[in-house]
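**Q** What follows is a predicted protein model with its sequence.
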Amino acid sequence: MRYGTDRKEDSRRQIVELASERLRRDGIAGVGLRTIMTDAGLTHGAFYAHFKSRTELVAEALRFALDQTRERLERVAAQAEPDDRLRAFVTFYLRQDHRARAGTGCATAALAPEIARLDASIQRIFAEGLTALAASVAGFLPEGGTPEERLSRGLAILAGLMGTLQLARALPDGSPSDALLESGRASAIAAATAPWPSSR
């Protein structure tokens with residue numbers, strides 16, 4: 001039986017979504033083709049009707065995960081009042097549920113330690129996604145600063161959030177991990193509201 005284009009596109013998207021979740025939960029090595037195809041209800045041999053290689057799937061799943069992260073965080077911020085958008089972003093990012101659900105959480109926090117060991121094409125995809133997310137953070141910052149200062153601060157805040165989340169996940173659930181999330185939120189807000197270098 002031949003399936004139409006829509007059916008093939010739906011299957012491809014399902015494979016990418018499943019792979020993006022495994023990327024975040026289990027790392028790059030966790031993207032096993034046989035397991036993903038089984039989860040998608042497809043045969044292992046059907047993989048090559050959708051992708052030329054595992055590397056192509058990893059690249060597309062990484063793009064999907066990075067875009068999903070940014071879009072989700074932007075939606076959360078957009079629901080807050082303009083002056084509260086950064087706080088809403090930070091609170092949503094450093095929440096207990098995000099700590100517990102790596103598979104559907106921030107792709108940058110889940111994958112940053114691995115990306116440096118991968119080839120340049122994957123690193124470029126990661127860098128593009130990270131820069132886009134940092135630009136979103138920059139848009140939530142208080143007024144002022146040059147475009148370069150705003151993007152640099154957005155990256156710095158994002159790096160702090162990512163590091164806090166990674167460490168919180170490495171600790172047993174409970175007081176030390178919860179306290180780290182709380183202090184990470186306070187640090188991010190303090191960094192966001194510091195005077196801009198160009199205005200000093």
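**A** Perfect, I can see it now.

**Q** Pull the residues that contact stretch 21-36.
**A** Stretch 21-36 is contacted from outside by 15, 18-19, 44, 47, 54, 57-58, 61-62, 65, 102-107, 110-111, 114, 118, using CB atoms under 8 Å, 6 or more residues apart in numbering. Glycine gets a C-beta too; all of them are placed from N, C-alpha and C.

**Q** and the residues you listed, which are buried?
**A** Among the contacts of stretch 21-36, the ones that count as buried by 16 or more other CB atoms under 10 Å are 15, 18-19, 47, 57-58, 61-62, 65, 102, 104-107, 110-111, 118.

**Q** Buried residues of stretch 129-148, list them for me.
**A** Residues of stretch 129-148 classed as buried: 129, 130, 133, 134, 136, 137, 138, 140, 141, 145 (neighbour count, 16+ other CB under 10 Å).

**Q** so which two of these are the farthest from each other?
**A** Within the buried residues of stretch 129-148, 129 and 145 form the most distant pair, 22.9 Å apart (CB to CB).

**Q** buried sites along the lowest-mean-pLDDT helix or strand in the chain?
**A** Lowest on mean pLDDT, DSSP states H and E among the helices and strands of the chain sits helix 33-39, with a mean of 84. Neighbour-count burial for helix 33-39 flags 33, 36, 37 (criterion: 16+ other CB under 10 Å).

**Q** which other helices and strands contact whichever helix or strand comes after it?
**A** Per DSSP states H and E, the first helix or strand lying C-terminal to helix 33-39 is helix 54-78. Helices and strands touching helix 54-78, by 3 or more CB pairs under 8 Å, 6 or more residues apart in numbering; DSSP states H and E, are helix 5-26, helix 33-39, helix 85-93, helix 107-115, helix 120-139.

**Q** Select, out of the ones you listed, the one closest to residue 161.
**A** Residue 161 lies closest to helix 85-93 among those, at 5.2 Å (CB to CB).
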